[in-house]
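Peer 1: Give the three-dimensional model of this entry:
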Amino acid sequence: MSIEDKAFVDDGLMNNNGMGGKKGGWSMKKKVCLFTSLICGLACFAIVVVLAALALYYINPNQTKIFPNPNYSISNDTIHFLVIGDFGSGNEEQIKVAKGMNYFCQNVKKCDFIIGLGDNIYDDGVTSVNDIQFKEKFEDIYFFDNSSLKIDWYNTLGNHDYRGDIAAQVEYTSKSKYWKMPDYFYSIVKPSKLNTFNLTIILTDTNALISSCGSGCNRTAYNTQKQRKDEQINWMKNIIKKNFENYENSWTIVAGHHPLYSAGIHFNNGEIIDLFESTFKEYKIPLYLSAHDHVMNWLTNKSIKNETERTHYIVSGGGGGSIRFQLRNNNLMNYDNGHGFFSVEVQKEFIFVIALNGEGKELWRFRIDRW
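Peer 2: As a prediction, the model looks like this:
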C-alpha cells in the first residue's frame, strides 16, 4: 500500500475492501457538517432573493400615477408663486431649472414670489454674510438680464445650510434685494390681487424639530435652535387656529425643508408627522410644501377617509441637487425622477397646483377645493 493509500485509510475514507469509506459510510459528524453547510447556503440564497425582491418592489415602485384633469377658471383675483427646494448647487442642473422657471413666469403665468425650501447653498452652507456663494449660487443663477425671477424669494433652512453659519442666511436678508429670511422660522401674509382674501404661508425650521441634524451639522447652531422647538410649534398652531376662525376669507399653507410623507430615500418622517399632522387634520390645512428628497412628489395620507381633512403634500426637491431614486409609498399620487419645481395658484375657492420639469413643462396638475 502506498503512503497516499495509507493516509486515505487512516482518514476513514476507505473500507476494508479498499473501495472507500469506513464500514457504514461517512461519520455522523461529517454528515452533520455537510447538512449544516447545505442549510446555510440555502438560507443565504433565500435572503438574497428576498432582498432583491424588496429592492425591486421599493426602489422601482412603478406605482400608478394619478393624472387629474381638474376644472380651472381664469381669475384676476389670484396669488401665484413657485416652489423650489434643494437648489443651491451652482451647477448646470440648477441653471437649467432657473431657465425653466423664468420661461414659466414669462410665458405661462406671471409669478408673484417664490418659496425656497432649503438647501439654499450646497454642500456646507455659508461661512458668513459676505460668502461669495450667495452670489455664485443664488444671485448669478436667477437674476440674469431680463429675468422674471427678480421677485421676493422667501427661503427656509435645509440640513445642508445647517452645516454652515445659519445666522448669516438670516442676515443676508438685509443685504440682498430678493433674498427674504427675516428669522429662522416666520410667516408671510399675502392679499389677493383684488384684496378679497388672504394667503398665509408658515415657513418652519424643521431642522430644529427633529432629533438629529445630520452629518457635518453646526451643533452649536442646532442646539440653540432646538431649544426653541416648543416655541416654534406653539407659534405655528396659534397662527393656524387664528386663521381658521376666518377660513372663508383666508387660506393657510405650511412649508418646511423636511417632508411628512415622501417617496424619496429619506421616506416618511415620523417626528414631523407627530408634530404637524394632527393640527393639519383638525384645521384642514390644504397643502404642505417640502423638499429634502431630491425628487418631485405629490402625496396625501390615504388612511384619512374624509378627504376634506386630508392635507396634500408636495416634495419639490428637484432644484439642482443630484437626483435620487424613488421608493414605493402607498400615499403617493404622482412622482417624477427629474429636476423641476411647482407652480401654486391660489384663488378664493380653490388652490391649483402644477408640477413642472426643469424646462418648465407640465408633468401633472391637481386642484384642492375649499371645504
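Peer 1: quick one, what contacts residue 262?
Peer 2: When contacts are counted by CB atoms under 8 Å, 6 or more residues apart in numbering, residue 262 is found next to 268, 269, 290, 292, 293, 295, 297, 299, 313, 315, 329. All C-beta atoms are positioned from the backbone trio N, CA, C, and that covers glycine.
Peer 1: repeat for residue 362
Peer 2: 354, 355, 356.
Peer 1: could you redo the residues you listed as JSON lines and give each row distance to residue 231, secondary structure and neighbour count?
Peer 2: Output for those, formatted as JSON lines (distance: CB to CB, whole Å; DSSP: H, G, I helix; E, B strand; the rest coil; neighbours: other CB atoms under 10 Å):
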{"residue": "354", "distance to residue 231": "35", "secondary structure": "strand", "neighbour count": "19"}
{"residue": "355", "distance to residue 231": "34", "secondary structure": "strand", "neighbour count": "23"}
{"residue": "356", "distance to residue 231": "36", "secondary structure": "strand", "neighbour count": "28"}
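Peer 1: Output the residues you listed as a markdown table; include the columns distance to residue 74.
Peer 2: A markdown table is the format used below for the contacts of residue 362 (distance: CB to CB, whole Å):
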| residue | distance to residue 74 |
| --- | --- |
| 354 | 14 |
| 355 | 20 |
| 356 | 19 |
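Peer 1: Out of the contacts of residue 262, which is nearest to residue 73?
Peer 2: Distances from residue 73 to those, taken as CB to CB, are shortest for residue 313 (25.0 Å).
Peer 1: ok, back up a step: now, among the contacts of residue 362, which is nearest to residue 197?
Peer 2: Once CB to CB is applied, the member of the contacts of residue 362 that ends up nearest residue 197 is residue 354, at 20.5 Å.
Peer 1: Now do the closest one against residue 36, distance only.
Peer 2: Noted for residue 354: a distance of 60 Å to residue 36, by CB to CB, to the nearest Å.
Peer 1: same check, this time on residue 112
Peer 2: In terms of CB to CB, residue 112 sits 70 Å off from residue 36.
Peer 1: Those two: which has the busier surroundings?
Peer 2: Set side by side, residue 112 and residue 36 show more neighbours around residue 112, with 18 against 10, by other CB atoms under 10 Å.
Peer 1: who's in contact with the more buried one?
Peer 2: 79, 80, 81, 151, 190 are the contacts of residue 112 under CB under 8 Å, 6+ apart.
Peer 1: what do you get if the cut-off is 6 Å, keeping everything else the same?
Peer 2: Listed by CB atoms under 6 Å, 6 or more residues apart in numbering, the contact partners of residue 112 are 80, 81.
Peer 1: Tell me the predicted confidence for it.
Peer 2: As predicted, residue 112 sits at a pLDDT of 98.
Peer 1: Quick check: it vs residue 344, distance?
Peer 2: Computed as CB to CB, the residue 112 to residue 344 distance reads 10 Å.
Peer 1: who touches both of those two?
Peer 2: The contact sets of residue 112 and residue 344 overlap at residue 81 (CB under 6 Å, 6+ apart).
Peer 1: and residue 116, what are its bridge partners?
Peer 2: Following DSSP bridges, residue 116 is listed with bridge partners residue 84, residue 155.
Peer 1: low-confidence ranges in the stretch 1-150 of the chain?
Peer 2: 1-26, 31-32, 46, 48-62 (pLDDT under 70).
Peer 1: For residue 280, which three-state class applies?
Peer 2: helix (DSSP: H, G, I helix; E, B strand; the rest coil).
Peer 1: Just want the phi and psi numbers for the residue nearest to it when sequence neighbours are not counted.
Peer 2: Counting by CB to CB, 6 or more residues apart in numbering, residue 280 lies nearest to residue 311, which is 4.5 Å off, once chain neighbours are set aside. As for residue 311, its main-chain torsions (degrees, to the nearest 10) stand at phi -90, psi 140.
Peer 1: Kindly report the same for residue 349.
Peer 2: The phi/psi pair for residue 349 (degrees, to the nearest 10) reads phi -110, psi -10.
Peer 1: Listing partners with orientation, what would you give for the helix or strand where residue 289 lies?
Peer 2: Following DSSP states H and E, one finds residue 289 within strand 287-290. Partner strands and pairing direction for strand 287-290 (DSSP bridges) are strand 250-255 (parallel), strand 312-316 (parallel).
Peer 1: any idea how far residue 37 is from residue 266?
Peer 2: In terms of CB to CB, residue 266 sits 40 Å off from residue 37.
Peer 1: And the two? Which one has more around it.
Peer 2: Legend: neighbour count by other CB under 10 Å for residue 266 and residue 37, higher for residue 266 (18 against 10).
Peer 1: so that one sits right up against residue 293, yeah?
Peer 2: Yes. Residue 266 is within contact range of residue 293, at 5.2 Å (criterion: CB atoms under 6 Å).
Peer 1: circling back to that earlier point, just give me the closest of the contacts of residue 362 to residue 128.
Peer 2: Distance to residue 128 across the contacts of residue 362 (CB to CB) is lowest for residue 356, with 34.1 Å.
Peer 1: Nothing else from me, thank you.
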